[in-house]
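Undergrad: could you look at this predicted model? Sequence included:
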Amino acid sequence: MKRRTFVIGAAGLPLAAPFIASGPATAQGPAPEKPNLTLGVGGKPLLYYLPLTIAEQKGYFREEGLNVTINDFAGGSKSLQALVGGSVDVVTGAYEHTIRMQHKGQDIVAVCDLGRYPGIVIAVRKSLAGTIKSIADLKGRRIGVTAPGSSTALLLQYALQKNGLATTDAAQIGIGGGASAVAAIKNGGIDGLSHLDPVISQLQHDGDIAILLDTRTEAGTRALFGGTNPAATVYLQKSFVDANPVTTQRLVNAFLKALKWIAAATPEDVAKLVPEEYLLGNRTLYMQAFQNSRAMYSPDGMVTEDGYVSMMAALRALDPELANAQVPYERTFNPAFVRAAKV
């Protein structure tokens, strides 16, 4: 699995209280049981995962007494594999992964919602817009996704099915995120893509694509799913949560700080904070991409029951293994840490 690694340090923490063996206590209360964490993500520069970058760049992990090493994989399915395999402690990834893994007997639970809408756009090359006018016209086409099995691929499959096609009627080609995804459209290697900002806004600006479906907005999300549809979340093995409640709380605190910052930020604020390579060479365009996508971020970190119902309906329709699945809402999302957060 190709990945990039980012390390966020924790420094200047006060001395340990004598009765705490797990590490130093902080102003926020008891020390985290596991201050050194490895986090998996699939496509960190994507706006889908902006709360992670904000938490990193603003030093919110450090404020919470955590050292976080970030492994950036080719797609969300790869970061999920890393969590199951034990090479990462926590993932920022699609909420639907918690449902799938619970159904398979893997006790994986989300503890904070980052996105209430998927933020995914299905589009085709502009030169094909006269031929491909709807999702139903994607049959036999090569469509780029961040990685097979990731949320971009699953949304594409659901859209195909909703439009009378089989989920396999369009070939799904892994193109990663960022510049590689832009290049895949520009060099004609794919006919269209199911992808996220800033890639979509870059291709829109350059006149390279025509949009068929847009879930960056509530209207687009409801048109496909009939309701809100939780997207990026923070999820972990339940055994980790049970063994490390303070660490889990500190993680949630950091992400809620990031969501709060995003809610008040201007596009200029965001463009100044993210790494230069995220801008894809065009700061103004990145700011527009953020503005296009900002409605998708969770206002409060909660996965709603309405969103859970919407996601379950989509998964039951999409996957025969889940057609009769009974995965309770409370096994997929633990709201206790969001409720207890003071940020």
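TA: Good, I have the coordinates.

Undergrad: could you use CA atoms for every contact and neighbour count after this?
TA: Fine.

Undergrad: just the strands in this protein please.
TA: 3-8, 36-42, 67-73, 90-94, 108-113, 121-125, 142-145, 171-174, 192-195, 209-214, 232-237 (DSSP state E).

Undergrad: return the most buried member of those.
TA: strand 192-195 (a mean of 30; mean count of other C-alpha atoms under 10 Å).

Undergrad: looking at the strands of the chain, which is closest to residue 134?
TA: strand 209-214 (6.0 Å; C-alpha to C-alpha).

Undergrad: how about the CA coordinates for the closest one, as PDB?
TA: Written as PDB, here are the backbone C-alpha positions of strand 209-214 (Å, rounded to 0.1, in the frame of the first residue of the first chain):
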ATOM      1  CA  ILE A 209     -15.800  17.900 -17.200                       C
ATOM      2  CA  ALA A 210     -19.600  18.000 -17.300                       C
ATOM      3  CA  ILE A 211     -21.300  17.200 -14.000                       C
ATOM      4  CA  LEU A 212     -24.000  14.500 -13.800                       C
ATOM      5  CA  LEU A 213     -24.500  14.300 -10.000                       C
ATOM      6  CA  ASP A 214     -23.300  16.500  -7.200                       C
END
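
Undergrad: and residue 224, how far from residue 162?
TA: Distance of residue 224 to residue 162, computed by C-alpha to C-alpha, to the nearest Å: 8 Å.

Undergrad: no wait, residue 181
TA: Residue 181 is 25 Å from residue 162, by C-alpha to C-alpha.

Undergrad: just residue 67 next, same as before
TA: Relative to residue 162, and taking C-alpha to C-alpha, residue 67 is found at 43 Å.

Undergrad: count of neighbours near the residue nearest to residue 248 when sequence neighbours are not counted?
TA: Excluding its sequence neighbours, the residue lying closest to residue 248 (C-alpha to C-alpha, 6 or more residues apart in numbering) is residue 241, at 6.1 Å. Residues contacting residue 241 under the criterion other C-alpha atoms under 10 Å number 20.

Undergrad: out of the strands of the chain, which gets nearest to residue 256?
TA: Of the strands of the chain, nearest to residue 256 by C-alpha to C-alpha is strand 108-113, at 8.0 Å.

Undergrad: and residue 149, what's its pLDDT?
TA: Residue 149 carries a pLDDT score of 81 in this model.

Undergrad: now the residue nearest to residue 248: how far from residue 231?
TA: On the measure of C-alpha to C-alpha, residue 241 and residue 231 end up 21 Å apart.

Undergrad: before we move on, what about residue 58?
TA: On the measure of C-alpha to C-alpha, residue 58 and residue 231 end up 23 Å apart.

Undergrad: please apply the same query to residue 248.
TA: 20 Å.

Undergrad: these two: who's more crowded?
TA: Counted by other C-alpha under 10 Å, residue 248 and residue 231 do not tie: residue 231 has more neighbours, with 26 against 22.

Undergrad: how about that one, phi and psi?
TA: phi -110, psi -110 (degrees, to the nearest 10).

Undergrad: quick check: domain ranges of this structure?
TA: 3-117+230-340, 121-214 (automatic domain parsing).
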